[in-house]
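> sequence and predicted structure, then a few things I'm wondering about:
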Amino acid sequence: DTEVTQTPKHLVMGMTNKKSLKCEQHMGHRAMYWYKQKAKKPPELMFVYSYEKLSINESVPSRFSPECPNSSLLNLHLHALQPEDSALYLCASSQGADSSYEQYFGPGTRLTVT
Amino acid sequence: AQTVTQSQPEMSVQEAETVTLSCTYDTSESDYYLFWYKQPPSRQMILVIRQEAYKQQNATENRFSVNFQKAAKSFSLKISDSQLGDAAMYFCAYRAMNRDDKIIFGKGTRLHILP
C-alpha cells in the first residue's frame, strides 16, 4: 500500500473559523510533510516531521499549526486564515527525512478562505 | 542557493509522438538527486523518474528517460510514444544528497497531448 490519504478533499472556511486538515499513511514511514501549492505553481514546503518531532518549519505563520499525534497521522490546524491562504495543501510521507528516500504525495485538500 | 529552471511553461505533443521537457539547475554540490514529478489534473503528484548525480548512466522508466548532463547542469525528460494519460504538469526537482534539505522544484511545464 503506497497511499497517502487526505481529508477533506475540499474545504471552504471563513476567516474566523477553526478547521483541521488530516493526513494519514500506513506505509510505516517516519517522515511526513505539509506543502502549500498555489494554482500553476510548484509546491512550497511548510513543515517536516521526522519521527513525530517537528524538524523543519519554513517560517510559516502561526495561524497554521501542525500536529503529529502518531507516526501514521499528520494534522494541520487552521485558525484565522486569510484569503491568500487559499490553495491546495499537500501532504507527503517518506521512509525517513533523508534525501535518499522517495516522498509519496497525497491528493491534497483544496482550501478556500472566504 | 540551489535553483531549478524550467523554461517551457507549456508544451503540446501529438499522441504517439516523442516530446522532450527541458530543465536546468544550479548548485555547488557534487552529490545530489534530480527528479521529474508528474501532477495530472486530478492533482496527486507522483515521481516519474530519479537520477543520482554520481551515476553517469541516464535513468529510464519504460517510456520515460532522461538526458543528464552534469557539466552543463541539464536534466531533460523524454517521453516516447506519448499517451493521453501523460497530460499533466511536470516538475523538475533537485535535492542535495545525504541531508534533510528540502526538495527544490522548478516552476513546471504543462504538457498537453493532442489526439
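The structure has been received and is ready for your questions. Note that the coordinates shown come from a computational prediction; the quantities given were computed from them, not determined experimentally.
> which residues are in contact with residue A:104?
A:2, A:3, A:4, A:25, A:27, A:29, A:92, A:93, A:94 (CB atoms under 8 Å, 6 or more residues apart in numbering or on different chains). All C-beta spots, glycine's among them, are computed from the backbone N, C-alpha and C.
> check which helix or strand the residue nearest to the spatial centre of chain B maps to.
By CA atoms, centre = their mean, chain B has its centre lying nearest to residue B:36, at 3.1 Å. Per DSSP states H and E, residue B:36 falls inside strand B:32-39.
> tell me the strands beside that strand, with direction?
Sheet pairing of strand B:32-39 (DSSP bridges) gives strand B:46-52 (antiparallel), strand B:88-96 (antiparallel).
> mean neighbour count and mean pLDDT added to these, as JSON lines?
Listed next are the strands paired with strand B:32-39 as JSON lines, based on neighbours: other CB atoms under 10 Å in any protein chain shown; pLDDT from 0 to 100:
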{"stretch": "strand B:46-52", "mean neighbour count": "17", "mean pLDDT": "96"}
{"stretch": "strand B:88-96", "mean neighbour count": "23", "mean pLDDT": "96"}
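> could those go into TSV alongside distance to residue B:67?
Formatted as TSV, the strands paired with strand B:32-39 follow (distance: least, CB to CB, whole Å):
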stretch	distance to residue B:67
strand B:46-52	10
strand B:88-96	12
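> for residue B:30, find the nearest of those.
Distance to residue B:30, taken as CB to CB, is lowest for strand B:88-96 among the strands paired with strand B:32-39, at 9.9 Å.
> hmm, back to that, mind picking the two most distant members of the contacts of residue A:104?
Greatest spacing in those, by CB to CB: A:3 and A:94 (13.7 Å).
> contacts only, for residue B:38.
Shown in contact with residue B:38 (CB under 8 Å, 6+ apart): B:45, B:46, B:48, B:86, B:88, B:89, B:90, B:91.
> which of the residues you listed sits closest to chain A?
For the contacts of residue B:38, the closest approach to chain A (CB to the nearest CB) belongs to residue B:45, at 4.2 Å.
> can you get me a residue count around the closest one?
When neighbours are defined as other CB atoms under 10 Å in any protein chain shown, residue B:45 has 25 of them.
> quick check: it touching residue A:105?
Yes. Here residue B:45 reaches residue A:105: they are 4.2 Å apart, a contact under CB atoms under 8 Å.
> who does residue A:23 form a beta bridge with?
Counting by DSSP bridges, residue A:23 is bridged to residue A:6, residue A:74.
> thought it was touching residue A:75?
Yes. Assessed by CB under 8 Å, residue A:23 is found in contact with residue A:75 at 7.3 Å.
> counting neighbours, go ahead and name the busier of the two.
A direct count of neighbours by other CB under 10 Å for residue A:23 and residue A:75 places residue A:23 higher, at 26 against 17.
> ok, the one residue in chain A that gets nearest to chain B - contacts?
Using CB to the nearest CB, residue A:42 is the residue of chain A that sits closest to chain B, at 3.5 Å. Shown in contact with residue A:42 (CB under 8 Å, 6+ apart): B:91, B:93, B:105, B:106, B:107, B:108.
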